[in-house]
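# Here's my sequence, what's the structure:
(2 chains, ligands or ions: 2)
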Amino acid sequence: MILSYYPGCTLKTKAQDLDLYARKSAEVLGVTMEELEEWQCCGAVYPMASDEIATKLSAVRALENAKEKGQDLLTLCSACHHVIKRVNHDMQTNADMQMKVNNYLQLDEPYTGETKVVHYLEMLRDLVGFDKIKEKVVNPLKGKKIAAYYGCLLLRPSDVLQFDNPENPSIMEDFIRSIGATPVETPYRNECCGGYVSMENKKLAQKKVDLIISSAMEKGAEMIITACPLCMYNLDANSTEHKLPIVYFTELLAEALGVK
Amino acid sequence: MDKFLQEQILRMSGVNTRKCMKCGKCSGTCPAYDEMEYHPHQFVAMVESGDIDALMQSNSIWTCLSCFACVERCPRSVEPANLIEAVRLAVIRQQNANHLKAQEIPENLEEKLPQQAIVSAFRKYSK
Ligand code: SF4
Ligand code: SF4
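Residues are numbered from 1 along each chain as shown, chains lettered A, B, ... in the order given. Ligands and ions are numbered 1, 2, ... in the order given. Next up, the predicted model:
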């Protein structure tokens, strides 16, 4: 199985572990991640206003490149996934945006949202299957109690993201089970950590983070997994009361598959 | 009341404020509620009544976390976060009205701060 892959800027710099262990694990699982030859930063935030066009172009270019290769587009960073998936939805449903973007890009054939966007976790669930992962695990993380932190970007708005049940998701818990560990469900797993204000309103970010960490500890979690570099940073750097190890889910996957 | 500004906000956000049934669920679920002068449901009501200036001057446009909880949980699909973003844009699209300036970045840099944090802060707070 070959997928086009959009890593994004943070995975090339501060979040190299998220990327590296995803690639190593994919090899074991029989998935080839073919990085797009050219890609630009997605902007990290989906531009909500209907008159924002230029800020959506980098996502369209990545989508178009995957379309030319006839491949699905694999994403890994939660923010990249959110932006690219929502821009793709705009390109499928918003005639005004379709026209303006295509007028500007002048492609051989207009892009109208043909590419399928797949997050790495969706790839594990829908294309590989958690049962298959279980078979490939050589180093099950037995007895480890792990809390999944979903955050906002993978789940909402659910009518566009269609990732999982936005209020009671299970994909990350199923993932934790597949590598032999024990999932711990926490009440704030799909509430915001305040990552966007972590630079200029630390107090607010700290308040949100402390709530997430302390509730995970109360439930007996030994670590928290995430798919988002901003959540990773924020949960780690801005917890003031307690500390829990925050780990990229791909790192645990690689460990379980014996390629770390 | 600034009719032109009101129309602009409605057009940019794509929100129909009349769909709101004033249940308050958006504000009830908002993780930044305590930090806001005006809350998500008030954005809906105040844009409806054309009270845009007060919203443009409030801290709420900077404390909204863009978590989309209000969008997901509104029973009438009003999408209050889109209104907040539109008001924020109406502010930063003005000359010299950026909330975050490039000169402020170096003092905020931390060893582990991901690029994503800087890029997203710029997207949200500067034009
Ligand atoms: S998007 Fe903003 S207003 Fe809406 S719930 Fe989140 S923080 Fe509150
Ligand atoms: S949740 Fe929706 S309907 Fe209820 S007050 Fe907020 S915007 Fe209005």
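
# Please count neighbours and contacts with C-alpha atoms only from this point.
OK.

# Any part of stretch A:210-221 near chain B?
No - remark: stretch A:210-221 sits outside contact range of chain B, by C-alpha under 8 Å from any C-alpha of the partner chain, the gap being at least 10.9 Å.

# So which bits of that stretch are buried?
By neighbour count on 16 or more other C-alpha atoms under 10 Å in any protein chain shown, the buried set for stretch A:210-221 is A:210-217, A:221.

# Among the residues you listed, which one lies nearest to A:Leu57?
Closest approach to A:Leu57 among those (C-alpha to C-alpha): A:Ile212, at 34.7 Å.

# Excluding residues flanking it in the chain, which one is nearest that closest one?
In space, not counting the residues next to it along the chain, A:Ile212 is nearest to A:Tyr188; the distance is 5.6 Å by C-alpha to C-alpha, 6 or more residues apart in numbering or on different chains.

# tell me the secondary structure for the one you found?
coil (DSSP: H, G, I helix; E, B strand; the rest coil).

# follow-up on the earlier one: out of the buried residues of stretch A:210-221, list just those in helices.
When DSSP state H is applied, the buried residues of stretch A:210-221 are split such that A:210-217 fall in helices.

# Pull the contacting residues for A:Met217.
Residues counted as contacts of A:Met217 (C-alpha atoms under 8 Å, 6 or more residues apart in numbering or on different chains) are A:Leu244.

# hang on, I meant A:Lys144
Taking C-alpha under 8 Å, 6+ apart as the contact definition, A:Lys144 lies against A:181-182, A:222.

# can we see that at 10 Å?
Counting by C-alpha atoms under 10 Å, 6 or more residues apart in numbering or on different chains, A:Lys144 touches A:176, A:180-184, A:221-223.

# Minimum distance to ligand 1, which residue of the stretch 101-250 of chain A gives it?
When you check the stretch 101-250 of chain A against ligand 1 by C-alpha to the nearest ligand atom, the closest residue turns out to be A:Cys192, at 7.6 Å.

# Touching, that residue and B:Phe68? I think so.
Yes - the criterion here is C-alpha atoms under 10 Å, and A:Cys192 meets it with B:Phe68 at 9.0 Å.

# helices or strands next to the longest helix out of those in chain B in the packing?
When every helix of chain B is counted residue by residue (DSSP H), the longest turns out to be helix B:80-92. Contact here means 3 or more C-alpha pairs under 10 Å, 6 or more residues apart in numbering or on different chains; DSSP states H and E; on that basis helix B:80-92 packs against helix B:3-13, helix B:25-29, helix B:40-49, helix B:52-57, helix B:60-63, helix B:69-73, helix B:115-125.

# now check the shortest one, is it near chain A?
Yes - when contact is scored as C-alpha under 10 Å from any C-alpha of the partner chain, part of helix B:60-63 falls within range of chain A: B:62-63.

# Residues in contact with that helix: which ones?
Contacts to helix B:60-63, defined as C-alpha under 10 Å, 6+ apart, come from residues A:194, A:196-197, A:200-201, A:204, B:31-40, B:43, B:55, B:81, B:83-89, B:91, B:99, B:124-125.

# rerun at 8 Å
Residues lying outside helix B:60-63 but in contact with it, judged by C-alpha under 8 Å, 6+ apart, are A:197, B:32, B:35-39, B:55, B:84-85, B:87-88, B:125.

# Thanks a lot, catch you later.
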